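Student: below is the structure, and that's it, no one-letter string:
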């Protein structure tokens, strides 16, 4: 995927991170087995080209090769934990879950049960996410902060432009039209 090689080259030129050699098939298998998801094809291709890691003063890249497993788990759990926070503190309730139970404790139990079945989101950078899933690609990158979820890129290559700069469409351009692709999460867009 040439656009993903170009996106990695843009990151290198912008000096917003350090690019290390891309993940190998063995490393992908280890990460996916350890954390229970598979990368979408474009996310995998990007990380096979180069693995961005943080540099002094910048943070947010998940270090799939040598990162702290607890931090990687926290990043993976962030979207669901954010929904649970809004269920508990902001009276958020998804209508498809049925009637809202009378207590917060019961609400959280029901919400956890339903959230266990929603598509996994995988961190790209900080609270920017792509859906998991081998055999899929072209998903928009989502900015996820509790149930405040917005598009942050039409796809992974566009996301690199939106977040870090370089050639691409502005979000104010009428041609910039991300399309939601993943159940549940798209309902918040």
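Tutor: Arrived safely, thanks for sending. Please read these numbers as outputs of a predicted model, since none were measured by experiment.

Student: what's the average pLDDT for stretch 114-126?
Tutor: What stretch 114-126 shows for mean pLDDT is 96.

Student: centroid-nearest residue for the protein?
Tutor: residue 129 (1.2 Å; CA atoms, centre = their mean).

Student: please report how far it lies from residue 155.
Tutor: 13 Å (CB to CB, to the nearest Å). Heads up, the C-betas are built off the backbone N, CA and C, glycines and all.

Student: okay, and the common contacts of those two?
Tutor: Shared contacts of residue 129 and residue 155, defined by CB atoms under 8 Å, 6 or more residues apart in numbering, comprise residue 141.

Student: flag the shaky bits of the protein, pLDDT-wise.
Tutor: Residue ranges of the chain with pLDDT under 70: 1-5, 55-59, 166-168.

Student: and the lengthiest helix in it, what does it pack onto?
Tutor: Looking across the chain with DSSP state H, the single longest helix is helix 69-89. Contacts defined by 3 or more CB pairs under 8 Å, 6 or more residues apart in numbering; DSSP states H and E place helix 69-89 against helix 25-35, helix 104-115, strand 121-125, strand 141-145.

Student: please identify the deepest-packed of the ones you listed.
Tutor: Ranked by mean neighbour count, the helices and strands packed on helix 69-89 are led by strand 121-125 with a mean of 24 (mean count of other CB atoms under 10 Å).

Student: for whichever helix or strand comes after that strand, packing partners?
Tutor: Where DSSP states H and E defines the elements, the next helix or strand beyond strand 121-125 is strand 128-131. Applying 3+ CB pairs under 8 Å, 6+ apart, we find strand 128-131 packed against strand 121-125, strand 141-145, helix 156-164.

Student: residue 143: what's its closest spatial neighbour, skipping adjacent residues?
Tutor: Excluding the flanking residues, the one nearest residue 143 by CB to CB, 6 or more residues apart in numbering is residue 152, at 4.3 Å.

Student: might you report the residue contacts of the one you found?
Tutor: 128, 140-143, 159, 162-163 are the contacts of residue 152 under CB under 8 Å, 6+ apart.
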